[in-house]
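Undergrad: have a look at this fold, sequence not included:
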């Protein structure tokens with residue numbers, strides 16, 4: 001598209017004039033000195049007429065010259081006019097707004113346009129504050145504002161001068177412009193020859209391939225045939241020969257027929273391979289194809305095998321998948337064990353893996369191999385190459401071990417041939433019998449079998465303690481078990497760790513205090529254990545009779561010793577005295593202070609210590625009903641000593 005030369009000349013002239021005007025304004029403002037608003041800058045020319053101001057010139061001027069303004073001049077614009085000055089308005093000379101042009105209100109009512117010329121010729125509306133603010137006339141945020149239009153500025157468009165799209169923008173004129181790419185990029189379209197856009201009819205919708213960042217480096221969204229692998233770096237002409245883009249086939253062989261025909265390992269043509277190349281080949285490269293071997297998954301050594309190792313003569317269809325079809329020679333040549341003579345099945349996978357023919361591992365399900373069985377060779381058990389119907393019984397291999405064992409002698413003892421009852425698979429020695437009929441604990445664990453099973457007799461032995469420990473029973477003298485007629489139930493007192501240190505459960509007379517450390521014979525005199533009385537006095541009669549503080553016998557104390565004495569010691573008895581003697585004046589008194597008849601503690605005296613003048617006591621109790629001057633009467637009224 002070629003523009004008329006007259007239009008170009010007019011646009012250049014207007015643009016230059018506008019730029020000159022803007023340059024003059026900005027230059028003028030940049031040279032303005034920092035002066036107070038009430039003054040006037042000579043650079044603007046003569047002072048603006050202001051005869052409408054108050055006639056008292058001395059409000060602002062001083063001295064003999066009009067140019068001298070009072071230093072103490074003050075004017076509160078908000079308080080006096082109701083309008084606050086903001087931004088650049090704070091520094092503007094007062095006379096630029098307040099002069100003889102007319103009342104300020106006439107101009108301020110028009111908004112920004114009252115003072116500022118609309119250089120945009122009403123093309124951008126009346127809201128100057130959409131682009132300008134009070135700080136500077138220079139517009140702000142045009143890219144953000146442009147995002148609200150039909151054409152947001154992104155990529156290279158954000159850095160493009162406004163006039164490149166909006167003719168007349170140099171002088172503030174922004175006319176509505178077309179947003180189609182070709183409107184501005186007609187010259188780019190004409191130069192796009194690889195491929196030739198015009199010849200292909202690609203003269204619209206540039207954004208299908210191009211992005212706003214740059215015209216070059218366009219990327220077509222190849223939806224109909226996604227470009228991956230080597231296709232992504234191929235030139236368009238490699239597939240679109242003769243610049244034919246419409247109707248190009250997407251079948252692999254249409255481009256790769258030559259590669260298909262030239263492939264010899266394996267030969268695709270003679271093998272009758274399908275031309276759906278993607279079954280084996282990827283887009284990265286023709287070589288290195290990987291066939292998904294679904295009918296016979298490749299693992300182990302099969303992964304590295306060449307196709308021709310199995311598919312001889314380039315025959316790929318109908319190849320059998322049984323192991324022996326390829327490994328018959330290995331089957332026939334194997335001698336340890338000899339597969340053929342042993343009649344092993346040809347289902348090789350039962351023992352062999354795909355990693356290698358050697359090192360086969362048979363799953364010995366019918367007789368799991370554990371312990372020492374893991375390390376033996378097949379022929380150690382399968383003599384003469386006989387693998388079928390081999391007996392799983394231990395004795396079939398270990399009869400010699402059974403017969404030669406002397407500790408204990410298995411044959412003489414008649415041990416069963418179920419060797420696994422005592423022996424493990426790790427070794428024949430160190431057998432452990434599960435002694436369930438008589439659990440072995442304590443010293444029994446370390447005893448030799450023959451300590452109990454004398455003469456090699458293992459069946460029918462009694463399990464009572466005395467059957468082995470009769471001599472220990474008879475030889476015990478402290479106490480003498482025989483003389484005392486102790487029961488033969490040894491476990492009533494003895495543990496299984498040792499015969500000594502027996503502990504009898506003294507349930508009939510619980511042993512506490514000093515009784516715990518007493519010897520049996522101190523109570524069981526003459527080895528008499530049965531029928532002994534359990535009353536305290538039966539053992540402590542001498543203690544009872546010899547006690548004189550107080551004299552138990554003379555006082556007629558009962559022989560229920562436990563009423564005052566405990567099992568720790570005879571001394572230090574504690575009597576539960578119904579009359580309190582543990583506090584007040586009665587504390588620490590001797591028994592005889594109140595009980596003056598040593599032979600009778602039921603007799604006590606109160607008046608021996610308390611008031612003993614009968615006449616005075618009678619006067620104190622003349623109003624007490626039933627009063628009598630005697631100790632029992634005192635106690636009946638004063639049972640708590642108060």
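TA: On my side now, so go ahead. Source: prediction; values computed, not measured.
Undergrad: hang on, isn't residue 527 packed against residue 482?
TA: No. The pair residue 527 and residue 482 fails to qualify as a contact (CB atoms under 8 Å) at a distance of 9.3 Å. The C-beta positions use only the backbone N, C-alpha and C, and glycine is treated the same way.
Undergrad: which one of the two is surrounded by more residues?
TA: Between residue 527 and residue 482, counting by other CB atoms under 10 Å, residue 527 is the more crowded of the two (16 against 13).
Undergrad: pLDDT wise, what is the nearest residue to residue 332 once chain neighbours are set aside at?
TA: Distances taken as CB to CB, 6 or more residues apart in numbering put residue 340 closest to residue 332, at 5.7 Å, once the chain neighbours are dropped. With respect to pLDDT, residue 340 has a value of 90.
Undergrad: these two touch, right, residue 350 and residue 362?
TA: Yes. Between residue 350 and residue 362 there is a contact under CB under 8 Å: 7.1 Å.
Undergrad: sorry, back to before: identify each buried residue in the host helix or strand of the residue nearest to residue 332, please.
TA: If you go by DSSP states H and E, residue 340 is part of helix 339-342. Within helix 339-342, the residues scored as buried using 16 or more other CB atoms under 10 Å are residue 339.
Undergrad: quick one: contacts of the helix or strand following it?
TA: Per DSSP H and E, the first helix or strand lying C-terminal to helix 339-342 is helix 378-381. With CB atoms under 8 Å, 6 or more residues apart in numbering as the test, helix 378-381 has contacts from 336, 337, 385, 387, 390, 397.
Undergrad: backbone dihedrals for the residue nearest to residue 207 when sequence neighbours are not counted, please?
TA: Distance criterion CB to CB, 6+ apart; nearest residue to residue 207, sequence neighbours excluded, is residue 181 at 6.3 Å. Per-residue torsions, residue 181: phi -60, psi -40 (degrees, to the nearest 10).
Undergrad: from residue 189, how far out is the residue most central in space within the chain?
TA: Most central in the chain under CA atoms, centre = their mean is residue 299, positioned 36.6 Å from the mean C-alpha point. To residue 189, residue 299 is 58 Å away according to CB to CB, to the nearest Å.
Undergrad: same check, this time on residue 287
TA: Residue 287 is 41 Å from residue 189, by CB to CB.
Undergrad: the more surrounded of these two?
TA: residue 189 (17 against 8).
Undergrad: following the helix or strand of the chain with the lowest mean pLDDT, which helix or strand shows up next?
TA: Ranked by mean pLDDT, DSSP states H and E, the helix or strand of the chain with the weakest confidence is helix 5-31, at a mean of 44. Where DSSP H and E defines the elements, the next helix or strand beyond helix 5-31 is helix 77-81.
Undergrad: please name the nearest non-neighbouring residue to residue 354.
TA: Nearest one to residue 354, counting by CB to CB, 6+ apart, is residue 300 at 3.0 Å.
Undergrad: got the phi/psi numbers for that neighbour?
TA: phi 60, psi -130.
Undergrad: look at it and say how many residues are nearby.
TA: 12.
Undergrad: buried ones in stretch 152-168, by neighbour count?
TA: Buried residues in stretch 152-168 (16+ other CB under 10 Å): 153, 157, 162, 163, 165, 167, 168.
Undergrad: start to end distance for it?
TA: Taking CA to CA, to the nearest Å as the measure, stretch 152-168 stretches 20 Å from start to finish.
Undergrad: circling back: measure the residue nearest to residue 332 to residue 325 for me?
TA: Residue 340 is 16 Å from residue 325, by CB to CB.
Undergrad: which residues in the stretch 151-300 of the chain form helices?
TA: Assigned by DSSP state H, counting those that start in this stretch, the stretch 151-300 of the chain shows helices spanning 181-184, 186-191, 197-200, 236-239, 252-262, 268-271.
Undergrad: just send these back as a markdown table, with mean pLDDT and distance to residue 493 too.
TA: Listed next are these as a markdown table, based on pLDDT from 0 to 100; distance: least, CB to CB, whole Å:
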| stretch | mean pLDDT | distance to residue 493 |
| --- | --- | --- |
| helix 181-184 | 90 | 112 |
| helix 186-191 | 91 | 115 |
| helix 197-200 | 90 | 114 |
| helix 236-239 | 88 | 104 |
| helix 252-262 | 94 | 97 |
| helix 268-271 | 89 | 94 |
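Undergrad: okay if I get those helices as TSV plus distance to residue 475?
TA: Formatted as TSV, the helices of the stretch 151-300 of the chain follow (distance: least, CB to CB, whole Å):
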stretch	distance to residue 475
helix 181-184	121
helix 186-191	124
helix 197-200	123
helix 236-239	112
helix 252-262	104
helix 268-271	99
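Undergrad: between those helices, which one is nearest to residue 212?
TA: Comparison of the helices of the stretch 151-300 of the chain against residue 212 by CB to CB identifies helix 181-184 as nearest, at 9.4 Å.
Undergrad: buried sites along that closest one?
TA: Quick answer for helix 181-184 (16+ other CB under 10 Å): 181, 184.
Undergrad: same thing with stretch 210-221?
TA: For stretch 210-221, using 16+ other CB under 10 Å, the buried residues are 210, 215.
Undergrad: for residue 413, what are its contacts?
TA: Per CB under 8 Å, 6+ apart, neighbours of residue 413: 453, 456, 457, 458.
Undergrad: list buried members of those residues by neighbour count.
TA: Judged by 16+ other CB under 10 Å, buried ones among these: residue 458.
Undergrad: of the contacts of residue 413, closest to residue 283?
TA: Checking the contacts of residue 413 one by one against residue 283 (CB to CB), the nearest turns out to be residue 458, at 80.8 Å.
Undergrad: does that closest one really touch residue 416, like I thought?
TA: No. Applying CB under 8 Å as the test, residue 458 and residue 416 come out as separate, 10.6 Å apart.
Undergrad: which residues of the stretch 301-450 of the chain score low on pLDDT?
TA: Applying pLDDT under 70 to the stretch 301-450 of the chain flags no residue at all.
Undergrad: do a quick rundown of the helices in it.
TA: Under DSSP H, counting those that start in this stretch, the stretch 301-450 of the chain gives helices at 307-310, 323-333, 339-342, 378-381, 395-404, 410-413, 449-452.
Undergrad: next secondary structure after the last one?
TA: I take that to be helix 449-452. helix 466-475.
Undergrad: off-centre distance for that following helix?
TA: Put simply, helix 466-475 sits 65 Å off its chain's centre (CA atoms, centre = their mean, to the nearest Å).
Undergrad: likewise for stretch 38-57?
TA: Counting by CA atoms, centre = their mean, stretch 38-57 comes out at 80 Å from the chain centroid.
Undergrad: between the two ends of it, how far is it?
TA: OK, stretch 38-57 end separation, CA to CA: 13 Å.
Undergrad: show me which positions of that stretch end up buried.
TA: 39, 40, 48.
Undergrad: go on, stretch 187-196?
TA: Here stretch 187-196 shows 189, 192 as buried, counting by 16+ other CB under 10 Å.
Undergrad: quick one: that stretch to chain centroid distance?
TA: The answer for stretch 187-196 is 59 Å, by CA atoms, centre = their mean.
Undergrad: now do stretch 254-270
TA: Going by CA atoms, centre = their mean, where stretch 254-270 is centred and where its chain is centred differ by 55 Å.
Undergrad: show me what that stretch is in contact with.
TA: Contacts for stretch 254-270 (CB under 8 Å, 6+ apart): 239, 253, 273, 275, 277, 281, 286, 307, 308, 311, 314, 316.
Undergrad: switch the cut-off to 6 Å
TA: Residues from elsewhere that reach stretch 254-270, judged by CB atoms under 6 Å, 6 or more residues apart in numbering: 253, 277, 286, 307, 314.
Undergrad: neighbour-wise, which of those residues leads?
TA: residue 277 (21 neighbours).
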